[in-house]
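[1] Model the structure of this input:
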Amino acid sequence: MSFVMLSALAVLLGVVYGGPMVKKGPCDDTRECIRYDFTGDDRILCFGYYGCKGATMDSTSKALCSGANSCTRARFTTTVEEILCNGYKSCQRGRSMTNNKKISCNGLKACT
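    Predicted structure coming up:
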């Protein structure tokens, strides 16, 4: 990926999340952030293949699961502002996905 594309992605993420870049991540490598505990104001950005698998999402920010199979078997709490499952088979077997604000399952076979 070229530097220009990476810069554009960084700007886009800053606009989407309305603040500074991520405190923890992003988790964009294969199997990065597996079983990680996102707490406080950690940004939950799971772009890698199987990124954030089995992680605990107990943060006050949005959860963005855009990688293929990302957030598989992750445990979400009600403090997560919004859950966005955009990747192929993302959020499969997600636990406690009872967020009362917004859950979007846009990826093919997401949230099953």
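[2] all strands for this protein, in order.
    For the chain, the strands defined by DSSP state E cover 37-40, 44-46, 56-59, 63-65, 75-76, 83-85, 103-105.
[3] what lines up beside the third one in the sheet?
    What it means is strand 56-59. strand 37-40 (parallel), strand 75-76 (parallel) (DSSP bridges).
[4] Pretty sure T77 sits against G94.
    No - T77 lies out of contact with G94 (CB atoms under 8 Å); the separation is 11.6 Å. Placement of C-beta: from N, CA and C, glycine included.
[5] And those two? Which one has more around it.
    Neighbour count, other CB atoms under 10 Å: between T77 and G94, G94 has more, with 23 against 16.
[6] Could you pull up the contacting residues of the more buried one?
    By CB atoms under 8 Å, 6 or more residues apart in numbering, the contact set of G94 is 71-76, 83, 85, 111.
[7] will you turn those residues into JSON lines that also has pLDDT and distance to D29?
    As requested, the contacts of G94 are arranged in JSON lines below (pLDDT from 0 to 100; distance: CB to CB, whole Å):
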{"residue": "C71", "pLDDT": "96", "distance to D29": "15"}
{"residue": "T72", "pLDDT": "95", "distance to D29": "16"}
{"residue": "R73", "pLDDT": "96", "distance to D29": "18"}
{"residue": "A74", "pLDDT": "95", "distance to D29": "17"}
{"residue": "R75", "pLDDT": "94", "distance to D29": "21"}
{"residue": "F76", "pLDDT": "90", "distance to D29": "22"}
{"residue": "I83", "pLDDT": "92", "distance to D29": "22"}
{"residue": "C85", "pLDDT": "96", "distance to D29": "19"}
{"residue": "C111", "pLDDT": "93", "distance to D29": "23"}
